[in-house]
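Asks: Turn this into a structure:
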Amino acid sequence: MPVFTATPQYIMIRVGKIVATHGVQGAVIMTHVAGDSRWLKKGHALMVEMQKGSYIPYFVDACRAAKDDEYIVNMEDLDKVESAKRLVGKAVYVEEDLLAAYAKESPLLWIGFTITDVHVGLLGTMEDVMQTPSQWLGKVMYNEKEVLIPLLNQFIKDIQVKQKLIIMELPAGLLDVYM
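Replies: As a prediction, this is how the structure comes out:
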């Protein structure tokens with residue numbers, strides 16, 4: 001089976017994780033953060049990160065939404081539970097084009113994006129996102145400190161999915177809290 005390494009021409013977005021096997025025919029349960037359960041279709045390629053930076057493509061043979069954030073997926077070349085077990089716990093990525101329509105809407109897909117402020121410049125890479133009752137927050141390491149950035153539409157100037165870049169205009173003084 002071919003192994004791929006991410007290159008600038010092949011942009012991938014982390015979409016979820018394989019959390020369990022399902023049945024004895026090699027199906028897996030995959031959680032996802034796309035925010036919509038209609039994006040995955042037969043024939044789509046799921047890139048499973050077997051080792052850091054090394055991806056194996058698996059093509060969807062059949063899938064059905066078990067919940068809004070969970071699919072049961074049958075993949076080509078996986079026909080036994082033993083084969084599927086080695087994928088449990090692995091991160092799943094898809095080509096950026098597949099989720100481009102959802103990427104601007106779901107902060108969970110922004111993990112790994114670079115955050116830039118129009119006044120300060122480069123802030124860092126979004127390491128994680130979390131939802132509070134009133135807003136989404138993005139975790140970035142800025143000047144060797146963990147900074148939580150509010151991911152509000154009023155602060156976001158542009159999201160460039162292909163470049164994995166979010167351009168923001170943060171309120172004056174927000175970063176001073178962390179200094």
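
Asks: When you work out contacts or count neighbours from here on, use the C-alpha atoms and nothing else.
Replies: Noted.

Asks: Okay, the residue lying closest to Asp79 once chain neighbours are set aside and Gln131: tell me how far apart.
Replies: Spatial nearest neighbour of Asp79, excluding adjacent residues (C-alpha to C-alpha, 6 or more residues apart in numbering): Gly26 at 4.5 Å. Here Gly26 is placed at a distance of 34 Å from Gln131 (C-alpha to C-alpha, to the nearest Å).

Asks: higher neighbour count, those two?
Replies: Per other C-alpha atoms under 10 Å, whichever of Gly26 and Gln131 has more neighbours is Gly26, with 20 against 13.

Asks: Check what pLDDT that one gets.
Replies: Here, the pLDDT recorded for Gly26 equals 90.

Asks: State the distance from it to Leu78.
Replies: Using C-alpha to C-alpha, Gly26 is found at 5 Å from Leu78.

Asks: got any residues that touch both of these two?
Replies: Counting by C-alpha atoms under 8 Å, 6 or more residues apart in numbering, the residues touching both Gly26 and Leu78 are Ala84.

Asks: Spit out the contact partners of the residue nearest to Asp79.
Replies: Per C-alpha under 8 Å, 6+ apart, neighbours of Gly26: Asn74, Met75, Leu78, Asp79, Lys80, Val81, Glu82, Ser83, Ala84.

Asks: Give me the nearest residue to the last one, chain neighbours excluded.
Replies: Meaning Ala84. Gly26 (5.2 Å).

Asks: What distance do you get for Met130 to Ala66?
Replies: 23 Å.

Asks: And Lys162, by the same measure?
Replies: Applying C-alpha to C-alpha to Lys162 and Ala66 gives a distance of 30 Å.

Asks: Let me know the distance separating Gly23 from Leu175.
Replies: 50 Å.

Asks: what does Val19 give?
Replies: 37 Å.

Asks: Please enumerate the strands of this structure.
Replies: 12-22, 27-32, 45-51, 54-67, 70-75, 91-95, 114-117, 121-131, 136-142, 145-150, 156-160, 165-168 (DSSP state E).

Asks: which of those sits most buried?
Replies: strand 27-32 (a mean of 24; mean count of other C-alpha atoms under 10 Å).

Asks: Tell me which other helices or strands it touches.
Replies: strand 12-22, strand 70-75, helix 81-85 (3 or more C-alpha pairs under 8 Å, 6 or more residues apart in numbering; DSSP states H and E).

Asks: would you put the C-alpha positions of the first one in PDB?
Replies: What follows is strand 12-22, C-alpha atoms only, in PDB (Å, rounded to 0.1, in the frame of the first residue of the first chain):
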ATOM      1  CA  MET A  12      -4.700  17.700   4.300                       C
ATOM      2  CA  ILE A  13      -7.000  18.600   7.100                       C
ATOM      3  CA  ARG A  14      -7.200  16.500  10.200                       C
ATOM      4  CA  VAL A  15     -10.900  15.500  10.300                       C
ATOM      5  CA  GLY A  16     -11.100  12.900  13.100                       C
ATOM      6  CA  LYS A  17      -9.900   9.600  14.500                       C
ATOM      7  CA  ILE A  18     -10.700   6.000  14.200                       C
ATOM      8  CA  VAL A  19     -12.000   5.000  17.700                       C
ATOM      9  CA  ALA A  20     -13.100   1.400  17.300                       C
ATOM     10  CA  THR A  21     -13.900  -1.500  15.000                       C
ATOM     11  CA  HIS A  22     -17.500  -2.400  14.100                       C
END
